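**Q** quick check, what structure comes out for this input:
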Amino acid sequence: MNTRELIRKDLPFDRISIMEIGALNKPFIRKSETNVIYVDHADTETLRRKYAVGHGFDPSEIVDVDAVWGQNSLADCLAGRKVDYVIASHVIEHVPDLITWLKELSSILNENGEIRLVVPDKRFTFDYTRRPTEMPEVIEAHVRRARRPQLWNILDHVLNVRAVDGNAAWQGPLPLERIPNLHTFEQAFSLAESTIHTEDYHDVHCWVFTPESFANLMATMVQHDLIDLECHEFQDTQEGTIEFAVFLRRSADRPAAVASWERVAAAASRLGTPGSRDVGELHKALENATSELNAIKASRSWRITEPLRRMAKLARSVRH
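**A** Numbering: from 1, shown residues only. Got it, this is the predicted structure:
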């Protein structure tokens, strides 16, 4: 099932309300289908100016934004409205304060509501050489109540993102000489100064995930009562793609919610890393060969010819 099919799966369009964040020109849900609210970090005209050049699509195709979520809270942004579903594709990695963002999403869900996220997997994107996000950075951003990417977010992104071919990454480890940096050191230094001395908003990947690292972070946040979200459904990164998907629901049962994320981490880790499918195929071939050999050994012809094999073995030992 591709990402679009998964995100739209089992949505009862005739009786639900949806909030889609960051839809731009490719919303998962159209207004002609159901009651959907488009939310973004800027209004429609600002977004169309931002994406006017060099983004590979006609900016006039960007959907009309219904509500802007920036310095204000999501509850204020929606004027108290609640929704049944939240959809956000390739958004979570951009948010400055991960904990507050998830808490605010949880706060605007109706009973039994669901958050459907599509998340880039660093192993197949320009984040290839960046280390996965760890809890100290998440806590710091939350304690600071960050509304803009922090300086370390920006520097880590600009200094380390690389030109990565996702398909090539699936074949195995990529040598650094094949994946050049996308920005120079001088550009990173200039951007750092701009961050300190201006109010400019620099949009970067604040957070870096693999499916396993994401699940472990979520488990930790739930365990310490920072968020109240369990994993209802998980689709790991499919071969040839660069993203995984998680469906989240509110849960008052903290141990069960933690366990839901631990199961995701365990399932994701069993799938291994890019290129490991070759090893998996070898293991499968070995299992098949072993099964065939066992079947041969159990056969009548194998039993009949056993004396001949013993004689051949004895002859080889005599020669040596």
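
**Q** switch to C-alpha atoms for all contacts and neighbour counts from now on
**A** Fine.

**Q** any buried residues in stretch 64-83, and which?
**A** Across stretch 64-83, burial judged by 16 or more other C-alpha atoms under 10 Å covers 64-65, 67-69, 74, 77-78, 82-83.

**Q** now, those residues that are in helices?
**A** Those of the buried residues of stretch 64-83 mapping onto helices are 74, 77, per DSSP state H.

**Q** pLDDT below threshold where in the stretch 101-250 of the chain?
**A** Applying pLDDT under 70 to the stretch 101-250 of the chain flags no residue at all.

**Q** mind listing what I37 touches?
**A** Taking C-alpha atoms under 8 Å, 6 or more residues apart in numbering, we find I37 in contact with 17-20, 65-67.

**Q** show me the two of the buried residues of stretch 64-83 that sit farthest apart.
**A** The most widely separated members of those, counting by C-alpha to C-alpha, are D64 and K82 (19.7 Å).

**Q** now, the most widely separated pair of the contacts of I37?
**A** S17 and V65 (15.8 Å).

**Q** can I assume R48 is in contact with H55?
**A** No. R48 is beyond contact range of H55, at 10.8 Å (criterion: C-alpha atoms under 8 Å).

**Q** okay, the two: which has more neighbours?
**A** R48 (19 against 9; other C-alpha atoms under 10 Å).

**Q** in which helix or strand does that one reside?
**A** Element membership for R48, per DSSP states H and E: helix 44-50.

**Q** for that helix, what is the distance to the chain centroid?
**A** On the basis of C-alpha atoms, centre = their mean, to the nearest Å, helix 44-50 sits 26 Å off its chain's mean C-alpha point.

**Q** what segments of this protein are helices?
**A** According to DSSP H, the helices that the chain contains are 3-8, 44-50, 74-77, 98-107, 135-143, 151-160, 166-170, 185-197, 211-223, 254-270, 276-297, 300-304, 306-319.

**Q** how about the second one: buried residues?
**A** When neighbours are counted by 16+ other C-alpha under 10 Å, the buried residues of helix 44-50 are found to be 44, 47-48.
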